[in-house]
Every structure is written in C-alpha cells, then in structure tokens.
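Peer 1: here is my input, please return the structure:
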Amino acid sequence: MPVPDRLKAIHQRYEDIAANGYVLTPGRYVGAEVVAGDGEPFEEKMPRLVAELNVQFAKSAKLEKLGYGI
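Peer 2: Residues are numbered from 1 along each chain as shown. Model prediction:
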C-alpha cells in the first residue's frame, strides 16, 4: 500500500530508525558540522588554556573576597 504524501517524511524516518536497529540516539539522525582545527597543537594549547583558567580562578577568588560572589 503506498504511503500518502503527507506521511512520506514520517515513513522515511521510521525506515531510518528501523535500519538503525531502533536506536534513538540523536547523533544517528542529526548531522554534525565538521569543524576545522585552529592549527595549534594540543600539547601547546592545553597548557595555555589551563594557565588562562587559573588566572580566571584567581580573579574570581579575589572578587569573591570583595563580596561579589554568589
């Protein structure tokens, strides 16, 4: 029996879900954009980001002592 036009998208989704063994994790049905790296090697980037985070933590602690904390 043919599927009515208004239900074709739903029927196609059902077929996709059935083909994936009825697994409903969104990653199987929603595409993810490929993001190009920034060219900075991980070995250099991670220590830099950790250092920036530590500076931000220090500023946060200073502001909390001044009464700006939550």
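Peer 1: make it CA atoms for all contacts and neighbour counts henceforth
Peer 2: Fine.
Peer 1: what residue spans form the domains of this structure?
Peer 2: Listed by automatic domain parsing, the domain ranges of the chain are 1-32, 37-70.
Peer 1: now those as a markdown table including mean neighbour count and mean pLDDT?
Peer 2: Conversion of those to a markdown table gives the following (neighbours: other C-alpha atoms under 10 Å; pLDDT from 0 to 100):
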| stretch | mean neighbour count | mean pLDDT |
| --- | --- | --- |
| domain 1-32 | 11 | 75 |
| domain 37-70 | 11 | 92 |
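Peer 1: helices or strands next to the longest helix anywhere in the chain in the packing?
Peer 2: The helix that spans the most residues within the chain, counting by DSSP state H, is helix 42-65. Applying 3 or more C-alpha pairs under 8 Å, 6 or more residues apart in numbering; DSSP states H and E, we find helix 42-65 packed against no helix or strand.
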